[in-house]
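A.B. asks: Dropping a prediction and its sequence here:
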Amino acid sequence: MKYLAAICFALIPFGFWGQNIFFGQANTLLLSAMFILFLCEQDNNYKLNGWIKIFGVYLSCWMSFTFLMIFLGRWPQALSMTMIESVFFVFAGMTFFLAVYRGSLSLNAWSNIICIVATIQAILGILQTQGLDPIVPFLSLFVGVIGQMDFTTPTGTLGNQNFLAAFLAISLPFFFRIKWHNIIIIPIEYDTVCPWKDHEIKLPYGWFLALPIIIYALILTRTTTAIGAAIVGSVYYFFGRKWALASVIPAFILYAVKYKGFILSNARTEYWLDAWKSTSHSWQTLIFGWGPGITWHPGNMLHSEYVNTFFSFGLIGIALMMGYIFHVYKMNKMLFTVFIILCIDMLGNHALHITPTAVLIIIIIALIEREKKDLKCQ
């Protein structure tokens, strides 16, 4: 069962069994969490990070409060079930987190699996822009397929180009790994004194060879937040923190050009201001938020995980979230680069509300925490 969590992660983006693609992937997550909970063995006894533990307790308190309100008849049944369902999904994600955190599958193995899934999604996205989407014809053999956007839009199997862009951007640093293979060249004139001297060359190989595919698919999505996050993260990885801070300027310019300079008048900025007003109108919602599963507007997301955390869990929730971000383990350069990208992407994207990207983020955080514990145990 060592590879169970990895197999489940690889299958989640391709879970289509639901009333739409998002329900199908969410159903796959819940089923995966059940399999992991009952079939995975615990390979270590690592304690949870304090910030994560407190947030889990906070969510448990929200669930208990919701059950209490149902029992007392204070909340409508439909609203209560929405909140409970939302918390169940969070707990399914935490089950996935524990499977990775306390599992024995190596960082290198997880990195390779993430690269495989991201490459498949990128290739699908590129094919879709050429009208060669293999997914729709396949599904059409079994069910009627209805799309909310043009079928030539690069979405992979994630349902939206923004979600594909987030998945690819967050996966990008795993493709930066380069390995070297020694090739021995036997000369025509054999040197008996030192036969192998100067006849050995090194050739690079690894997942970096797939970088053009990932970058090209990312560009095709035309998703400003994800591309900007990928730029800043890549600069940090190759040139360090100072250059990364400087790269925020071109990323910001890219964003400004897309919205013709009217950044503050962007519709998403209006969403965030409205969410602030509605949440801060009373001390209860300001401190505790509206609760898990409560949406800002029916059918419309806030397009920022930070704003959404504040909206759902109040000042307590956003404080716990920022507390973890500022105290995250930074020693593993590749994982920390991934963490930078996902933190930037969550500024203008709801990556934690889409199952494949949410699980990818959960895996990354679990690997970061495990690397920290492994180092302490050495």
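C.D. replies: That came through, no problem.

A.B. asks: Find the helix or strand that residue 143 is a member of.
C.D. replies: Under DSSP states H and E, no helix or strand contains residue 143.

A.B. asks: actually residue 201, sorry about that
C.D. replies: Going by DSSP H and E, residue 201 is part of strand 200-205.

A.B. asks: What's the mean pLDDT across the helix or strand following that strand?
C.D. replies: The helix or strand immediately downstream of strand 200-205 is helix 211-221, counting by DSSP H and E. Taken as a whole, helix 211-221 has an average pLDDT of 96.

A.B. asks: Over to stretch 68-76?
C.D. replies: 77.

A.B. asks: got the contact list for residue 104?
C.D. replies: 2, 43, 44 (CB atoms under 8 Å, 6 or more residues apart in numbering). Placement of C-beta: from N, CA and C, glycine included.

A.B. asks: so of the residues you listed, which ones are in helices?
C.D. replies: In helices, judged by DSSP state H, none of those are found.

A.B. asks: now, which of the residues you listed sits nearest residue 320?
C.D. replies: residue 44 (24.6 Å; CB to CB).

A.B. asks: elements contacting the strand holding residue 201?
C.D. replies: strand 179-184 (3 or more CB pairs under 8 Å, 6 or more residues apart in numbering; DSSP states H and E).

A.B. asks: Next, count neighbours for the residue nearest to residue 159 when sequence neighbours are not counted.
C.D. replies: Nearest residue to residue 159 in three dimensions, chain neighbours excluded: residue 21, at 4.4 Å (CB to CB, 6 or more residues apart in numbering). By other CB atoms under 10 Å, 26 other residues sit near residue 21.

A.B. asks: wouldn't residue 21 be in contact with residue 160 here?
C.D. replies: No - between residue 21 and residue 160 there is no contact under CB atoms under 8 Å: 9.2 Å.

A.B. asks: From the rest of the structure, what touches stretch 83-97?
C.D. replies: By CB under 8 Å, 6+ apart, stretch 83-97 touches 5, 8-9, 26, 29-30, 32-33, 36-37, 52, 56, 59, 62-63, 66-67, 291-294, 358-359, 362-363, 365-366.

A.B. asks: What of stretch 66-77?
C.D. replies: 80, 83, 84, 87, 291.

A.B. asks: Kindly report the same for stretch 6-22.
C.D. replies: Under CB under 8 Å, 6+ apart, the answer for stretch 6-22 is 24-29, 32, 35-36, 96, 105, 109-110, 113-114, 116-117, 121, 139, 156-159, 167, 354-356, 359-360, 363.

A.B. asks: what about burial for those, which qualify?
C.D. replies: Buried members of the contacts of stretch 6-22, counted by 16 or more other CB atoms under 10 Å: 24-29, 32, 35-36, 96, 105, 110, 113-114, 117, 121, 156-159, 167, 354-356, 359-360, 363.

A.B. asks: mind listing which of those residues are in helices?
C.D. replies: Counting by DSSP H, these contribute 24-29, 32, 35-36, 96, 110, 113-114, 117, 121, 167, 355-356, 359-360, 363 to helices.

A.B. asks: mean confidence for the host helix or strand of residue 10?
C.D. replies: Element membership for residue 10 (DSSP H and E) is helix 4-11. In this model, helix 4-11 has a mean pLDDT of 93.

A.B. asks: which of the residues in that helix are buried?
C.D. replies: Buried, per 16+ other CB under 10 Å, within helix 4-11: 4, 5, 6, 8, 9.

A.B. asks: from those residues, which single one is nearest residue 173?
C.D. replies: residue 9 (17.1 Å).

A.B. asks: And the helices in the stretch 151-300 of the chain?
C.D. replies: Using DSSP state H, counting those that start in this stretch, the helices of the stretch 151-300 of the chain run over residues 161-171, 211-221, 224-239, 241-258, 267-279, 283-288.

A.B. asks: Dump these into TSV; add distance to residue 346 as well.
C.D. replies: Output for the helices of the stretch 151-300 of the chain, formatted as TSV (distance: least, CB to CB, whole Å):
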stretch	distance to residue 346
helix 161-171	9
helix 211-221	17
helix 224-239	9
helix 241-258	15
helix 267-279	13
helix 283-288	21
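
A.B. asks: For residue 157, which non-adjacent residue is closest in space?
C.D. replies: residue 13 (5.0 Å).

A.B. asks: Quick check: that neighbour vs residue 356, distance?
C.D. replies: 4 Å (CB to CB, to the nearest Å).

A.B. asks: Between these two, which contacts overlap?
C.D. replies: Joint contacts of residue 13 and residue 356 (CB under 8 Å, 6+ apart) are 25, 158, 167.

A.B. asks: just the residues you listed now: which is nearest residue 218?
C.D. replies: Looking across those and measuring by CB to CB, the closest to residue 218 is residue 167, at 9.6 Å.

A.B. asks: The nearest residue to the closest one once chain neighbours are set aside - how many residues pack around it?
C.D. replies: In space, and not counting its chain neighbours, residue 167 is closest to residue 357: 5.2 Å by CB to CB, 6+ apart. Counted with other CB under 10 Å, the neighbours of residue 357 add up to 30.

A.B. asks: got it, and residue 33?
C.D. replies: 23.

A.B. asks: Quick check: pLDDT value at it.
C.D. replies: 87.

A.B. asks: Not counting residues beside it along the chain, what's closest to it?
C.D. replies: Nearest one to residue 33, counting by CB to CB, 6+ apart, is residue 92 at 3.7 Å.

A.B. asks: which residues sit against whatever helix or strand residue 136 lives in?
C.D. replies: Secondary-structure element containing residue 136, defined by DSSP H and E: helix 135-140. Under the criterion CB under 8 Å, 6+ apart, residues 16, 124, 145, 147, 151, 157 lie in contact with helix 135-140.

A.B. asks: in that helix, what counts as buried?
C.D. replies: Here helix 135-140 shows residue 135 as buried, counting by 16+ other CB under 10 Å.

A.B. asks: before we move on, what about stretch 88-101?
C.D. replies: Counting neighbours by 16+ other CB under 10 Å, the buried set in stretch 88-101 is 89-101.
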